[in-house]
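In: Generate a structure from the sequence data that follows.
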Amino acid sequence: MRKSLGKLPKKKTIIELVRYGVIGLITNFLGYLIYLLITYYGGTPKITMSVLYAVGTAISFISNRKWTFSHDGNLMSAGARYIFAHSLGYALNLSLLIIMVDHLGYPHQWVQVFSIFAVAGFRACSRWGHHIQH
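Out: Presented below is the predicted three-dimensional model:
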């Protein structure tokens, strides 16, 4: 029993997780509202998602680097890792739009909201699974 208690996340890790979640909720909520607005006025779903994904990733990186993790290390190294992880998330989001909207005919608005949760879960698992193990 004692050994398993020793594996609990540290207070700092829990605070980071909460901050990461707050930034994720805010950027994804605002991004989705902007997505709906742009697509309502004629923007194509995949292009709109692509542009907003890039902007959201940049905002998220800057916010998480400073506020969540208080990282002051090598910007290029941290940025490269962040871009790699988010590239996989982008590929997942784009794949879901292509398969579920283009091939299966589901409404893009619902697919995109599902994609936000799917990608957030993917990113959280990849980020926190690695972080907690070390």
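In: surely Ile83 meets Thr57?
Out: Yes. The pair Ile83 / Thr57 is scored as a contact, 7.5 Å apart, by CB atoms under 8 Å. C-beta coordinates here come from the backbone N, C-alpha and C atoms, glycine included.
In: okay, these two: which has more neighbours?
Out: Comparing Ile83 with Thr57 by neighbour count (other CB atoms under 10 Å), the higher total belongs to Thr57, at 18 against 14.
In: Just say helix, strand or coil for that one.
Out: helix (DSSP: H, G, I helix; E, B strand; the rest coil).
In: And for Ile38?
Out: Look at Ile38: counting by three-state DSSP, its state is helix.
In: Chain neighbours aside, what residue packs nearest to it?
Out: Thr48 (4.7 Å; CB to CB, 6 or more residues apart in numbering).
In: how many other residues sit next to the one you found?
Out: By other CB under 10 Å, 20 other residues sit near Thr48.
In: Repeat that for Tyr90.
Out: By the criterion of other CB under 10 Å, Tyr90 has 17 neighbours.
In: For the helix or strand hosting it, give the mean pLDDT please.
Out: Tyr90 belongs to helix 75-97 when assigned by DSSP states H and E. For helix 75-97, mean pLDDT is 85.
In: Show me the shaky parts of this protein.
Out: 1-9, 12, 66-75, 78, 124, 126-134 (pLDDT under 70).
In: how about 90 then?
Out: Filtered on pLDDT under 90, the chain yields the residue ranges 1-25, 27, 57-86, 120-134.
In: Okay, helices next: where are they in it?
Out: Secondary structure of the chain by DSSP state H: the helices cover 2-5, 11-40, 45-63, 75-97, 108-133.
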